[in-house]
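Q: Sharing a model that was predicted from the sequence below.
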Amino acid sequence: GLAELEVPIMAMGGTIDDGTPYEWGAKLTYDHAGSKNKTLITFPGAGHMLFLDPCENLPWVQNSVYRDAICTDAVWDTRPLDIVMHYTTAFLRDTLNADPDARATLAGRQPTLDNVEYNTTVAVTSTNVQPPSTLTAEGGEYEVVAGLTMPGATEQIPAPGESYDGVYFAYLHESSGSDGPDRLRFEVVQAFSGSDCAIRFGEEAPQVCTPIGTERNGRTARVDLTVAEVPVSVRDLNSRASYSISGRELLALVHGASPTASAPAGFAFSGGFGFLLTYDDGVLIQIDQPAAPIQPER
């Protein structure tokens with residue numbers, strides 16, 4: 001039975017499917033399969049024809065006596081096929097190719113995709129977020145490091161009274177000011193990249209995802225952070241290579257100082273890349289300028 005399954009599974013379904021009832025199909029499979037890695041994509045209010053091409057792409061449907069049954073699904077206006085293809089591609093790349101980016105897509109915080117519900121047991125076993133000890137070399141400033149890849153979706157700004165926890169995207173505030181010499185001011189905003197950005201913004205993606213996209217009227221939060229003792233990685237504006245530096249060196253660069261003598265020849269800093277701020281239960285543990293995000297599929 002289902003409990004004996006060991007292979008990864010992904011189940012998708014609409015909650016009012018009267019051909020393959022959701023509770024007997026997708027939901028039952030997810031709840032009872034013995035697979036370690038399993039994912040359930042739920043489309044509330046969707047019926048059996050959810051996975052069919054839009055009717056304008058199916059001329060034979062136009063004069064069919066079944067047209068109303070096929071073309072009146074409750075989610076036709078919510079890009080269901082884009083969402084289906086997004087998760088199916090990630091699932092197959094993770095399962096067949098052990099693609100770490102695909103695994104991160106399945107396991108990470110999901111973008112808000114209309115009213116789709118997402119459940120998974122998939123976990124990231126190795127991520128691009130290195131602990132500070134591996135990013136900050138003992139030998140000093142400007143050691144070459146693997147750049148931190150921009151995730152498909154960074155964390156949402158926490159509600160008042162809640163702690164920051166996870167990876168957040170932020171820009172240096174234009175004033176770079178704060179109330180102390182060891183502090184920098186950042187503007188935090190949820191950001192999207194790659195296929196997550198393409199799905200989030202739909203037809204607007206080519207204009208918004210360049211390559212990082214943010215909501216035009218999305219929530220922002222201004223934070224003053226003590227950074228002097230926080231490990232940092234920055235990108236060279238010229239070579240695009242990533243280097244580990246100290247928080248104190250970041251402070252100096254932001255305020256216009258030249259890099260220390262250990263910087264590579266021709267190194268140039270720019271705060272315009274934006275930053276990823278990594279928190280652990282409210283504590284800032286890492287600051288990174290992300291490596292180039294994956295361009296959205298178009």
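A: Now that the structure is in, tell me what you want to look at. It should be emphasised that the depicted structure is a prediction, and the values quoted were computed from it without experimental measurement. Numbers count the residues shown, from 1 in each chain.

Q: In terms of helices and strands, where is Ser195?
A: Element membership of Ser195, judged by DSSP states H and E, is helix 194-201.

Q: ok now do Ala268, which residues does it touch?
A: Applying Cβ atoms under 8 Å, 6 or more residues apart in numbering, we find Ala268 in contact with 236-238. Yep, even glycine has a C-beta here, placed from its N, CA and C like the rest.

Q: out of those, who's nearest Gln286?
A: Relative to Gln286, the closest of the contacts of Ala268 is Asp236; by Cβ to Cβ it sits at 18.7 Å.

Q: tally of neighbours for the closest one?
A: Asp236 is flanked by 20 other residues according to other Cβ atoms under 10 Å.

Q: Does it touch Pro259 like I think?
A: No - contact status for Asp236 versus Pro259: not in contact, 9.8 Å apart, counting by Cβ atoms under 8 Å.

Q: Need the residues touching each of those two.
A: For the pair Asp236 and Pro259, residues contacting each of them under the criterion Cβ under 8 Å, 6+ apart are 267, 269.

Q: Which positions in stretch 267-277 come out as buried?
A: By neighbour count, with 16 or more other Cβ atoms under 10 Å as the criterion, the buried positions of stretch 267-277 are 267, 269, 271, 273-277.

Q: swap that for stretch 194-209, sorry
A: Across stretch 194-209, burial judged by 16+ other Cβ under 10 Å covers 194-201, 205, 208-209.

Q: Just the closest of the residues you listed to Val84, please.
A: Of all the buried residues of stretch 194-209, Ile199 has the smallest distance to Val84: 10.4 Å, by Cβ to Cβ.

Q: Longest helix in this protein, please.
A: helix 80-97 (DSSP state H).

Q: Off-centre distance for that one?
A: 15 Å (Cα atoms, centre = their mean, to the nearest Å).

Q: Name the helix or strand of this structure that has the lowest mean pLDDT.
A: Using mean pLDDT, DSSP states H and E, the weakest-scoring helix or strand in the chain turns out to be helix 132-135, at a mean of 35.

Q: And the next helix or strand past it?
A: In the C-terminal direction, the helix or strand that comes right after helix 132-135 (DSSP H and E) is strand 143-145.

Q: can you give me the strands for the stretch 151-298 of the chain?
A: Along the stretch 151-298 of the chain, the segments classed as strands by DSSP state E, counting those that start in this stretch run 166-172, 183-189, 220-226, 232-235, 242-245, 275-280, 283-288.
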